[in-house]
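Visitor: everything below, folded, please.
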Amino acid sequence: MELRHLRYFCVVAEELNLTRAAERLHMAQPPLTRQVKHLETHLGTPLFQRHSRGLVLTQAGQFFYEHALQILEKVDVVVTSTRHMARSQHQSFGIGFVPSVFYGQLPLLVRGLRQKDDLELTLSELITVQQVQALKAGRIDMGFGRLLIDDPEVEQEILFEEPMMAALPAGHPLGDTRPTLAQLAVDPLILFPAKPRRSLADMVLGLFRRHGLKVQVAQEANELQTALGLVISGLGITLVPEQVSRLKRDGIVYAYLADSGITTPIICSRRKGEAPSEIMLAANKILDVLVENRRSGRYP
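Guide: Predicted structure coming up:
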């Protein structure tokens, strides 16, 4: 089996159509079909079910696709990193983050790391599930999210719990109160991000569900800013972490909740079992100070 076989298979798995896959790969369809069948023979199991409307991944095909993607991502990272090393002696450090953590102390961490002249810092907006994959592939070195993901290659640390707030359109009757979840459940709900899942959207739905409340989801948005815009437009309300309230926008008000213990964690993810680099040690040191500031109430 060669890397090209994995690349061919992944394109077919994404398109679920041999004609379109062949066009993407700039090759004829018959040899692509032969390559897929050869791969299935080599693995000893069908990877696709053939239907008149196209292809469907089998359970084995889905498993193979997920792991083939990781292999190809790691290969791409190694190639890119090797080329980068040939061009520059600078150290690189990648940080992944969910948008809702970028209104608090994360910018201060970035600012602190940028003081190092020999560091090339990259930032990637990724939900927690994507951060775990990026860590394993070597595309980032540290991630900040809100979900605990069980993965043997990644370690996660809960830095602190952050209160959730209601984001309401200006003039909403509950805008000057501390509303309960039951009161908020009456209004249509704006969820974000819509995809990929699992995400903060699932945490919010689970929160209402655990309190025995049913909600009407009016709209799902992929971006935080879009969700806030929908709230301003009067299409519904949404729940956001406290630090989002630092983002001031006309037409929206933020309210703390009356229910106790309604929080969401800030979670730092790193690769497990890896000796920390000089940059990682510096990042951890800055992070420790920022977390202590947050816990002690010195919120920047």
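Visitor: which helix or strand contains Ala218?
Guide: Using DSSP states H and E, Ala218 maps to strand 217-220.
Visitor: what residues sit buried inside the next helix or strand after that strand?
Guide: Scanning forward in sequence from strand 217-220, with DSSP H and E defining helices and strands, the next element found is helix 224-232. For helix 224-232, a neighbour-count test (16 or more other CB atoms under 10 Å) marks Leu224, Thr226, Ala227, Leu228, Gly229, Leu230, Val231, Ile232 as buried. Backbone N, C-alpha and C define where each C-beta goes, glycine included.
Visitor: repeat for stretch 201-221
Guide: For stretch 201-221, burial by neighbour count (16+ other CB under 10 Å) applies to Ala201, Val204, Leu207, Phe208, Val215, Gln219, Glu220, Ala221.
Visitor: just curious, which of those is nearest to Ile262?
Guide: Distance to Ile262 across these (CB to CB) is lowest for Leu207, with 6.8 Å.
Visitor: what number of residues lie near Arg146?
Guide: The tally of other residues near Arg146 (other CB atoms under 10 Å) stands at 19.
Visitor: contacting residues for it?
Guide: For Arg146, the contacting residues are Val98, Ser100, Val101, Thr128, Leu200, Met203, Pro241, Thr264, Pro265, Ile266, Ile267, taking CB atoms under 8 Å, 6 or more residues apart in numbering as the criterion.
Visitor: quick revisit: can you list the strands that the strand holding Ala218 pairs with?
Guide: Applying DSSP bridges to the sheet, strand 217-220 is found paired with strand 189-191 (parallel).
Visitor: averaged pLDDT, the strand it pairs with. What do you get?
Guide: Strand 189-191 shows a mean pLDDT of 93 in the predicted model.
Visitor: what does stretch 132-151 give?
Guide: For stretch 132-151, the mean confidence score works out to 91.
Visitor: send the alpha carbons of that stretch over as CSV?
Guide: Provided in CSV are the C-alpha atoms of stretch 132-151 (Å, rounded to 0.1, in the frame of the first residue of the first chain):
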residue,chain,number,x,y,z
VAL,A,132,-7.6,17.3,19.2
GLN,A,133,-7.0,16.2,15.6
ALA,A,134,-4.7,19.1,14.9
LEU,A,135,-2.7,18.3,18.0
LYS,A,136,-2.3,14.7,17.0
ALA,A,137,-1.3,15.8,13.4
GLY,A,138,1.2,18.3,14.8
ARG,A,139,-0.5,21.3,13.2
ILE,A,140,-0.9,23.0,16.6
ASP,A,141,0.9,22.7,20.0
MET,A,142,-1.8,23.9,22.4
GLY,A,143,-5.5,24.3,22.2
PHE,A,144,-8.2,26.2,24.1
GLY,A,145,-11.7,24.9,24.1
ARG,A,146,-14.7,23.9,26.2
LEU,A,147,-15.2,20.1,25.7
LEU,A,148,-13.5,17.2,27.4
ILE,A,149,-12.5,14.7,24.7
ASP,A,150,-11.3,11.2,25.6
ASP,A,151,-8.2,10.6,23.5
